[in-house]
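Participant: From the sequence below, what's the structure:
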Amino acid sequence: MKNLSDKVVVITGAGSGIGRALALNLARKGSLLALSDVDEAGLAETVDLVKGAGAREVRSDRLDVADRAAFEAYAEAVVAQFGRVNVVVNNAGVALAGDLVDLDWDDIEWILGINLDGVLHGTKAFLPHLIASGEGHVVNLSSLFGLVSMPGQSIYNATKYAVRGMSEALREEMLIAGHPVGVTVVHPGGIKTAIARNSRVSAKEDKAKTAKLFDEKLAKMTPEKAAEIIVRGIEKDQARVLVGMDAHALHWFAKLSGSRYQDVVAKVSKKVLPPKTQVV
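Facilitator: Numbering: from 1, shown residues only. Below you'll find the predicted structure:
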């Protein structure tokens, strides 16, 4: 898919961050957009921005990606409006910080529903339409933490590794079947978004300090630059897109050091992560 002009592109989590930046990038390329988010105010702002950027046609919907029935109904409505779908970007995602022993089941189920089920719902709901389009593409957002594991991110890691595994297998299935659908899995490093500020944490985590660490020390790249890299990956039909020097560096470090990278990560994390709070 070397030309995204006149292609119908679905983007979840389009109310801010990478999702908004992708919508703006693709609007300038002439794509027709179906945008969704649970944040209706943020989504409305994105719609105004993409219209100002010259978007030819924009549909916007409040959508909880964890709700399978709602996602299936949404897919049918999008196809009914546009007549086809060419690209689906399963971008919606959340974060959950805390050691596994300290996490609540409600929070675990919350992140699994959005980060894993949401990607699966979007892929399954739109896949028949992507195949029927004759020129389709699935873009699933994993993470740097879908390549290496980090303490305090066990369930986030689990969702992002799962997205990677599912996406890579799907790409193989499309190749075997000869379907005209590319599959790209994206692994962003630290991107300047609100994901840490909007995250959930265990009772033993200091959310403000955790968010500050991410915002000030780890988030290096703008969403706009990330969007450029992702769109280029779609156009080149890349199977895997690493976004940011941190993603490239840690990916290669883990490959070269094998499982021993875990020992190094644990040692460094012990020094830099905020201390646990005392639960009374």
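Participant: What residues of the helix or strand of the chain with the lowest mean pLDDT count as buried?
Facilitator: Ranking every helix and strand in the chain by mean pLDDT, DSSP states H and E puts helix 207-213 at the bottom, with a mean of 88. Across helix 207-213, burial judged by 16 or more other C-beta atoms under 10 Å covers 207, 210-211, 213. Yep, even glycine has a C-beta here, placed from its N, CA and C like the rest.
Participant: Repeat that for stretch 31-46.
Facilitator: Residues of stretch 31-46 classed as buried under the neighbour-count rule (16+ other C-beta under 10 Å) are 31-39, 42-43, 46.
Participant: Run through who's touching the longest strand along the chain.
Facilitator: With secondary structure taken from DSSP state E, the chain has its longest strand at strand 181-188. With contacts defined as C-beta atoms under 8 Å, 6 or more residues apart in numbering, strand 181-188 is touched by 1, 18, 127, 130-131, 136-144, 146-147, 163-164, 167-168, 170-171, 174, 221, 226, 230, 233-234, 237-244, 247, 251.
Participant: cool, stretch 109-120 as well?
Facilitator: Residues outside stretch 109-120 that contact it (C-beta under 8 Å, 6+ apart): 12, 65-66, 68, 71, 90, 92-96, 140-141, 155-156, 158-160, 162-163, 166, 200.
Participant: Out of the contacts of strand 181-188, list just those in helices.
Facilitator: Counting by DSSP state H, the part of the contacts of strand 181-188 found in helices is 18, 127, 130-131, 163-164, 167-168, 170-171, 174, 226, 230, 233-234, 247, 251.
Participant: Narrow the residues you listed to those that are buried.
Facilitator: For the ones in helices among the contacts of strand 181-188, a burial check counting by 16+ other C-beta under 10 Å picks out 18, 127, 130, 163-164, 167-168, 170-171, 174, 226, 230, 233-234, 247, 251.
Participant: Let me know the closest of these to residue 7.
Facilitator: Nearest to residue 7, judged by C-beta to C-beta, of these is residue 234 at 9.5 Å.
Participant: and that closest one, how far is that from residue 88?
Facilitator: According to C-beta to C-beta, to the nearest Å, residue 234 stands 11 Å off from residue 88.
Participant: Same check on residue 190?
Facilitator: 25 Å.
Participant: Looking at the two now, which is surrounded by more residues?
Facilitator: It is residue 88, of residue 190 and residue 88, that has more neighbours when counted by other C-beta atoms under 10 Å, with 28 against 20.
Participant: Remind me which helix or strand that one belongs to.
Facilitator: Using DSSP states H and E, residue 88 maps to strand 87-90.
Participant: List the pairing partners of that strand within its sheet, with orientation.
Facilitator: Within its sheet, strand 87-90 is paired with strand 8-11 (parallel), strand 136-141 (parallel), according to DSSP bridges.
Participant: any chance of those in TSV, plus mean neighbour count and distance to residue 50?
Facilitator: Below are the strands paired with strand 87-90 laid out as TSV (neighbours: other C-beta atoms under 10 Å; distance: least, C-beta to C-beta, whole Å):
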stretch	mean neighbour count	distance to residue 50
strand 8-11	26	10
strand 136-141	25	17
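Participant: Make TSV out of these and add mean pLDDT and distance to residue 81.
Facilitator: Shown next, in TSV, are these (pLDDT from 0 to 100; distance: least, C-beta to C-beta, whole Å):
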stretch	mean pLDDT	distance to residue 81
strand 8-11	98	9
strand 136-141	98	17
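Participant: Please tabulate the ones you listed in a markdown table, including the columns distance to residue 260.
Facilitator: Listed next are those as a markdown table, based on distance: least, C-beta to C-beta, whole Å:
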| stretch | distance to residue 260 |
| --- | --- |
| strand 8-11 | 38 |
| strand 136-141 | 28 |
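Participant: Tell me which of those strands sits nearest to residue 80.
Facilitator: Taking these one by one with C-beta to C-beta, strand 8-11 is closest: 11.9 Å.
Participant: Out of the contacts of stretch 109-120, which end up buried?
Facilitator: Applying 16+ other C-beta under 10 Å to those flags 12, 65-66, 68, 71, 90, 92-96, 140-141, 155-156, 158-160, 162-163, 166, 200 as buried.
Participant: For the stretch 51-200 of the chain, which segments are assigned as strands?
Facilitator: Secondary structure of the stretch 51-200 of the chain by DSSP state E, counting those that start in this stretch: the strands cover 58-62, 87-90, 96-97, 136-141, 181-188, 200-201.
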